[in-house]
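Student: Using only what follows, build the 3D model:
(chains A and B)
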Amino acid sequence: MKIRTRFAPSPTGYMHIGNLRTALYEYLIAKANGGDFILRIEDTDQKRYVEGATDIIYATLKTVGMNWDEGPDIGGNYGPYIQSERRNIYAEYAHKLVELGGAHYCFCAKNDTEEEKDETLNIKFKDPCKHIPLAEAKKRVAAGEPYVIRQTINKTGKSKYHDEVYGDIEIDYDELDEGVLLKSDGLPTYNFANVVDDHLMQITHVVRGNEYISSTPKYNLIYEDFGWEHPFYVHVPPVMKDAQHKLSKRNGDASFQDLVKKGYLPEAIINYIALLGWNPGTEQEIFSLDELKQCFAVERLNRSPAIFDITKLTWMNGCYIRALSEEKFHELALPYYEGMSPSVNLKVLSKTLQPRVETLQDITEQTDFIRSVLPFGVELYSNKKMKTDAEVAKSVLPKVLEALSSQEDWSNEALFASLKHLAEELGVKNGQVLYPLRIALSGKETTPGGATEIAVIIGKTETLKRLQDAIKKLS
RNA sequence: GGUCCCAUCGUCUAAUGGUUAGGACAUCACCCUUUCACGGUGGUAAUAUGGGUUCGAAUCCCGUUGGGAUCACCA
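Tutor: Here you go, the predicted structure:
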């Protein structure tokens, strides 16, 4: 059997992390077994449609490398892959289901059905139209009366099905409600469209959030009524923001694009969310998408919700950044250097930055002193461990200025050698020369790189200038 | 409220009846060191709770508690 999975988002806005993780699992289940991954757009609710949302879906899947084998843009043998373009198919099957006894026409006005609902939700909606003889109902439909098609559930007892993650699920047929399958606008609800499409597109594994666990028996009933075989079910637990709340776009939780904007690498995001609810059974934690394809197995999917921990993602992102080649990191960092003086040695800057940033956005904060000298007080010269303070700085810095003025080789090694030599001459510790210099050049307590690296980065001219200014301020 | 699902360090998780309950992130300490990082070493930290079953339970069963989901012409 060739495995076929589908990612079926509704185009309602940004791609959030839970969504992306579901897509990832769907992709991996297919690809771990040489199967196909299908993209289908579920846009049956025109009210919620957001312009441009499908483009975000395409762009996201592409940047993370989850390429689909069939989809709206590339076609396939089971199209169209946009539900709004399949409305005739659903209508046809819905009417067929009525003939088969699995559904019925309902003429209740929208409001009626809502009012009939008990406040405490204890009493189920009982559709009076269920008992209208089919011949009569058809007459009213033909006469142009507005209608919907509702599922008819006459079974009693327990409904059973097997879930690949949760095991055997048993739900009483009494609990199932006779939901609307075809809306008055002629479009199907999710409840109907997903069944029809999954069958017609020959989806073998339905992967979705576990909020569908309790409605799955309804879908199985439809499969049965049509005489279709139902797919394997893989219900996955939600990704949480905290113990109580799901990650959601509504309250502004980070979406994939937000994270990328914040300087997270797509590879790191994918790696992290793969491990949110799944583990490989080994202690390996860093996985490329290709490696995930190699070892992914549904058996190792978890049943309990997982809290999205940005701290661990940040750590993992740092791992990915450090693993980048010098050139690649430099390329990614370049946009953050905008506005720096041409005399700044960007290559060296990148090299010192790479092991020090966990997200690309950290670059901004770490390099603020390069664009312009930060204002600082002389107390910054004080450091117990280095045995320095403003007095030490005052006596040492003029000598440093003198030494560096005649310095020709402006490499880190040469500068360090010179200053070390100077410290020896002055009979002080290395730190008593280097620490004040670093403060004088940066105005910051901590910097990426030491005094000599910073001198190299900002260049000789700027170094001497900042040094002079600092000495002036000390006197 | 009915029904369904879930429950191991703060977080992600491993251990499918026998382990000093393992790893990772975070945190703390130390080492390295021209600050800070990186890297290295070590520490603190968990089986929600009460009953069973068993020679033996994180693991199986029941109850309790806590949390989540669902009960739309949304998906």
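Student: Please count neighbours and contacts with C-alpha atoms only from this point.
Tutor: OK.
Student: how does chain A divide into domains?
Tutor: A:1-72+A:237-323, A:365-474 (automatic domain parsing).
Student: mind checking how far residue A:346 is from residue A:316?
Tutor: Residue A:346 sits at a distance of 25 Å from residue A:316 (criterion: CA to CA, to the nearest Å).
Student: higher neighbour count, those two?
Tutor: residue A:316 (23 against 19; other CA atoms under 10 Å).
Student: Look up phi and psi at that one.
Tutor: Residue A:316 adopts backbone torsions of phi -60, psi -40, taken as degrees, to the nearest 10.
Student: contacting residues for the nearest residue in space to it that is not next to it in sequence?
Tutor: The shortest distance from residue A:316 to any non-neighbouring residue, by CA to CA, 6 or more residues apart in numbering, is to residue A:268 (6.3 Å). Shown in contact with residue A:268 (CA atoms under 8 Å, 6 or more residues apart in numbering): A:313, A:316-317, A:320.
Student: same check, this time on residue A:360
Tutor: A:262-264, A:332-333.
Student: just to revisit the earlier point, how close does the residue nearest to residue A:316 sit to residue A:353?
Tutor: In terms of CA to CA, residue A:268 sits 19 Å off from residue A:353.
Student: any weak-confidence spans in chain A?
Tutor: Residues of chain A that meet the criterion pLDDT under 70 lie in A:111-124.
Student: Repeat the analysis, applying 50 as the threshold.
Tutor: By pLDDT under 50, the weakly predicted segments of chain A are A:113-122.
Student: residue at max distance from the center of it?
Tutor: What lies farthest from the middle of chain A is residue A:425; by CA atoms, centre = their mean that is 56.7 Å.
Student: which SSE is it in?
Tutor: Residue A:425 is located in helix A:412-426, with elements delineated by DSSP states H and E.
Student: Any buried residues in the next helix or strand after that helix, and which?
Tutor: The element immediately downstream of helix A:412-426 (helix or strand, assigned by DSSP H and E) is helix A:430-442. Using 16 or more other CA atoms under 10 Å as the test for burial, helix A:430-442 gives A:430-442.
Student: Could you measure from the residue in the stretch 351-475 of chain A that RNA strand B sits nearest to over to residue A:328?
Tutor: When scored by CA to the nearest atom of the strand, the stretch 351-475 of chain A has residue A:449 as its residue closest to RNA strand B, at 2.7 Å. As defined by CA to CA, residue A:449 lies at a distance of 20 Å from residue A:328.
Student: More neighbours: these two, which one.
Tutor: residue A:449 (17 against 12).
Student: Skipping its backbone neighbours, what lies nearest that one in space?
Tutor: That would be residue A:352: by CA to CA, 6+ apart, it lies 5.9 Å from residue A:449.
Student: Centre of the chain to the helix or strand hosting the one you found, how far?
Tutor: Using DSSP H and E, residue A:352 falls within helix A:346-353. From the chain centre to the centre of helix A:346-353 is a distance of 29 Å (CA atoms, centre = their mean, to the nearest Å).
Student: these two touch, right, the residue nearest to residue A:449 and residue A:450?
Tutor: No: if you go by CA atoms under 8 Å, residue A:352 and residue A:450 don't touch, sitting 9.4 Å apart.
Student: list residues touching both of the two?
Tutor: By CA under 8 Å, 6+ apart, no residue touches both residue A:352 and residue A:450.
Student: Check whether the residue of the stretch 351-475 of chain A closest to RNA strand B really touches residue A:351, as I assumed.
Tutor: No: with contact defined as CA under 8 Å, residue A:449 does not count as touching residue A:351 (9.5 Å).
Student: what comes up buried for stretch A:93-107?
Tutor: For stretch A:93-107, by 16+ other CA under 10 Å, it's A:93-95, A:97-98, A:101-107.
Student: which outside residues touch it?
Tutor: By CA under 8 Å, 6+ apart, stretch A:93-107 touches A:127, A:129-130, A:134, A:137-138, A:145-153, A:181-182, A:196, A:221-222, A:225-226.
Student: Drop anything exposed from those.
Tutor: Buried, going by 16+ other CA under 10 Å: A:127, A:130, A:134, A:137, A:146-153, A:181-182, A:196, A:221-222, A:226, out of the contacts of stretch A:93-107.
Student: and RNA strand B, which of the residues you listed contact it?
Tutor: A:147-148 (CA under 7 Å from any atom of the strand).
Student: out of the buried ones among the contacts of stretch A:93-107, which are inside helices?
Tutor: A:134, A:137, A:196, A:221-222, A:226 (DSSP state H).
Student: which one of these is nearest residue A:57?
Tutor: Nearest to residue A:57 among these, counting by CA to CA, is residue A:196 at 22.7 Å.
Student: residue contacts, the closest one?
Tutor: Residue A:196 touches A:90, A:93, counting by CA under 8 Å, 6+ apart.
Student: Leaving aside the residues adjacent along the chain, what's closest to residue A:266?
Tutor: Residue A:266's closest residue in space is residue A:64 (CA to CA, 6+ apart), at 5.8 Å.
Student: isn't that neighbour right next to residue A:267, touching?
Tutor: Yes: if you go by CA under 8 Å, residue A:64 and residue A:267 touch, sitting 6.6 Å apart.
Student: ranges for the strands of the stretch 201-350 of chain A?
Tutor: A:205-209, A:232-236, A:239-240, A:306-307 (DSSP state E, counting those that start in this stretch).
Student: if we compare the ones you listed, which one ends up closest to residue A:26?
Tutor: Comparing these by CA to CA, strand A:205-209 comes nearest, at 6.2 Å.
Student: packing partners for the closest one?
Tutor: strand A:4-7, helix A:17-31, strand A:232-236 (3 or more CA pairs under 8 Å, 6 or more residues apart in numbering; DSSP states H and E).
Student: In JSON lines: the ones you listed, plus mean neighbour count.
Tutor: Shown next, in JSON lines, are the helices and strands packed on strand A:205-209 (neighbours: other CA atoms under 10 Å):
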{"stretch": "strand A:4-7", "mean neighbour count": "26"}
{"stretch": "helix A:17-31", "mean neighbour count": "24"}
{"stretch": "strand A:232-236", "mean neighbour count": "22"}
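Student: Select, out of the ones you listed, the one closest to residue A:250.
Tutor: helix A:17-31 (12.6 Å).
Student: so what's residue A:42 up against?
Tutor: A:8-11, A:82-84, A:190.
Student: Try it again at 6 Å.
Tutor: Going by CA atoms under 6 Å, 6 or more residues apart in numbering, residue A:42 touches A:9-10, A:83.
Student: what angle sits between the strand or helix carrying residue A:470 and helix A:430-442?
Tutor: Assessed by DSSP H and E, residue A:470 sits inside helix A:460-474. Interaxial angle, helix A:460-474 versus helix A:430-442 (axes from the mean of the first three to the mean of the last three CA atoms, to 10 degrees): 100 degrees.
Student: ok, residues contacting helix A:460-474?
Tutor: A:440-441, A:455.
Student: From residue A:402, how far out is residue A:471?
Tutor: When residue A:471 is compared with residue A:402 (using CA to CA), they lie 12 Å apart.
Student: swap in residue A:63?
Tutor: Taken as CA to CA, the span from residue A:63 to residue A:402 is 53 Å.
Student: how much space between residue A:86 and residue A:368?
Tutor: Taken as CA to CA, the span from residue A:86 to residue A:368 is 55 Å.
Student: Next one: the residue nearest to residue A:449 from residue A:456, what distance?
Tutor: Distance from residue A:352 to residue A:456, by CA to CA: 11 Å.
Student: Nice, that's everything, thank you.
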